[in-house]
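*Asks:* output the structure for:
(one chain, ligands or ions: 2)
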Amino acid sequence: MKRALVTGITGQDGSYLAEFLLAKGYEVFGLVRRSSTESFERIQHIRDRVTLLQGDLLDENSLISALADSRPAEVYNLAAQSFVPASWNQPVLTGEFTALGATRLLEAIRIVDKSIRFYQASSSEMFGRVRETPQNEKTPFYPRSPYGVAKAYGHFITINYRESYDMFAVSGILFNHESPRRGLEFVSRKVTHAAARIKHGLQKELRLGNLDARRDWGFAGDYVEAMWKMLNQAEPIDYVISTGKSHQVRDLVRIAFGRVGIDPEKHVTIDPSLVRPAEVDLLMGDSSLARSRLGWEPRVDFEALVNMMVDADLAAIGAAR
Ligand code: NAP
Ligand code: F7E
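*Replies:* Ligands and ions are numbered 1, 2, ... in the order given. Predicted coordinates:
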């Protein structure tokens, strides 16, 4: 039985990846950090099928122990401070988790077993003020937030370990991907959750920032498959993973409110405090390399994704009432 260690297993992607690996017959280990209250909701349904190991990306020894205890063939580094606005409030901590955390894990792998295959969760936020559209693996980076800068560091340190130590270390440059398990502060879930609450009469107003921003949004369940495919190739290569289609935040609002049959004009207000100090205006990825070499393609389109999220929020809120 192949073993995999997933950091960030309690997050959106970690939960989908753990499900995916279990279905492939892997023995799955997850790194979790201690907290006064457990936050395992996303993996509750598979809790008895995965082994959780205590550790933190800030603590090198805990990473070495987790590797020694799990002896994985593959490590997926999904843990990060992943919310872009928080990275302006906590830029140093974001760098510690999201940039140096990757180095600590790579070092731990180099010490414990250099043959472990390593996946780094790189991000389209590295393209920032984009140099070309669509963005591909060769597009230069111009990050626009401390988060984007930290991810660029994580990206290049992964390449550096590959080239310096001949390790199988790859980065997936993933564009935005969402699901009913997305954190409530990210715009997709904020909008679908609010649409469902307004429908249920629990909320009246939805405050948003920049409605003009464009993102290439896909479904998280599709994207974790690409992570696994990248680690199961003959050669370690970095790939862009995206749908190739870009939509504005206002399109997201229109579809979500349309799903519940409510006019967004009556509920959405602009809150200048939600506008970012430096915005990423337009992201649209070219994933043709992944499509041709990995045989990967997204299955869920934007409208189906938004509808899936609204329906899940409607059902969850309805069940809780
Ligand atoms: P998420 O839901 O925010 O999950 C982040 C995970 O990281 C959580 O499990 C969290 O644990 C864990 N974590 C944070 N700091 C940690 C630390 N110091 N030590 C150990 N674990 C820590 O993020 P996601 O959306 O699943 O994204 C997964 C990864 O892909 C992240 O690296 C993100 O930056 C990257 N990414 C995401 C997207 C996207 O659109 N979703 C796109 C490109 C790249 P707790 O439960 O304890 O908080
Ligand atoms: O914002 C605009 C906001 O926070 C998307 C992370 O997973 O994807 C994610 O980062 C857009 C931005 O995601 C609100 O200004 C308007 O232009 O959902 P988001 P993000 O910043 O793109 C990348 C690929 C990652 O790697 C990250 O980890 O929506 N927007 N009004 C808003 N955004 C939020 N959050 N809240 C609003 O009220």
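*Asks:* is ligand 2 contacted by stretch 115-122?
*Replies:* No: on the criterion C-beta under 6 Å from any ligand atom, stretch 115-122 is out of touch with ligand 2, staying 7.9 Å away. Where C-beta positions appear, they are placed from N, C-alpha and C, glycine not excepted.
*Asks:* run the chain-centre distance for that stretch.
*Replies:* How far stretch 115-122 lies from its chain's middle: 15 Å, per C-alpha atoms, centre = their mean, to the nearest Å.
*Asks:* please apply the same query to stretch 79-88.
*Replies:* Using C-alpha atoms, centre = their mean, the offset of stretch 79-88 from its chain centre is 11 Å.
*Asks:* ok, the residue nearest to residue 219 when sequence neighbours are not counted - contacts?
*Replies:* Among residues not flanking residue 219 along the chain, residue 300 sits closest, at 3.7 Å (C-beta to C-beta, 6 or more residues apart in numbering). Taking C-beta atoms under 8 Å, 6 or more residues apart in numbering, we find residue 300 in contact with 218, 219, 221, 222, 308.
*Asks:* from residue 308, how far out is residue 300?
*Replies:* Using C-beta to C-beta, to the nearest Å, residue 300 is found at 7 Å from residue 308.
*Asks:* hey, what's in contact with both of the two?
*Replies:* In contact with both residue 300 and residue 308: residue 219, using C-beta under 8 Å, 6+ apart.
*Asks:* on that earlier part again, who wins for neighbours among the contacts of residue 300?
*Replies:* Counting neighbours by other C-beta atoms under 10 Å, the top entry in those is residue 218, with 28 neighbours.
*Asks:* residue 4: what's it in contact with?
*Replies:* Residue 4 neighbours (C-beta under 8 Å, 6+ apart): 21, 26, 27, 28, 29, 72, 73, 74, 75, 76.
*Asks:* now it, nearest residue through space, not along the chain?
*Replies:* In this structure, residue 4 finds its nearest non-sequential neighbour in residue 74, 4.4 Å apart by C-beta to C-beta, 6+ apart.
*Asks:* check that neighbour and give its pLDDT.
*Replies:* You'll see residue 74 listed with a pLDDT of 99.
*Asks:* just residue 266 next, same as before
*Replies:* 98.
*Asks:* how many other residues sit next to it?
*Replies:* The number of residues packed near residue 266 is 10, by other C-beta under 10 Å.
*Asks:* for it, give its distance to ligand 1.
*Replies:* 30 Å (C-beta to the nearest ligand atom, to the nearest Å).
*Asks:* with residue 227 instead?
*Replies:* Spatial separation of residue 227 from ligand 1 under the definition C-beta to the nearest ligand atom is 9 Å.
*Asks:* and the strand or helix carrying that residue, average pLDDT?
*Replies:* Assessed by DSSP states H and E, residue 227 sits inside helix 220-231. In this model, helix 220-231 has a mean pLDDT of 98.
*Asks:* what's it in contact with?
*Replies:* By C-beta under 8 Å, 6+ apart, helix 220-231 touches 12-13, 16-17, 20-21, 24, 74, 76, 117, 119, 121, 168, 170, 172, 174, 177-179, 181-182, 237, 239, 241, 290, 294-296, 298-300.
*Asks:* so, in contact with ligand 1 or not, the helix or strand just after it?
*Replies:* Downstream of helix 220-231, the next assigned helix or strand under DSSP H and E is strand 239-241. No: Strand 239-241 does not reach ligand 1 (C-beta under 6 Å from any ligand atom); its nearest approach is 8.6 Å.
*Asks:* then stretch 91-110?
*Replies:* Yes: applying C-beta under 6 Å from any ligand atom, one finds stretch 91-110 touching ligand 1 at residue 97.
*Asks:* next one: that stretch to chain centre, how far?
*Replies:* With C-alpha atoms, centre = their mean, you get 16 Å for stretch 91-110.
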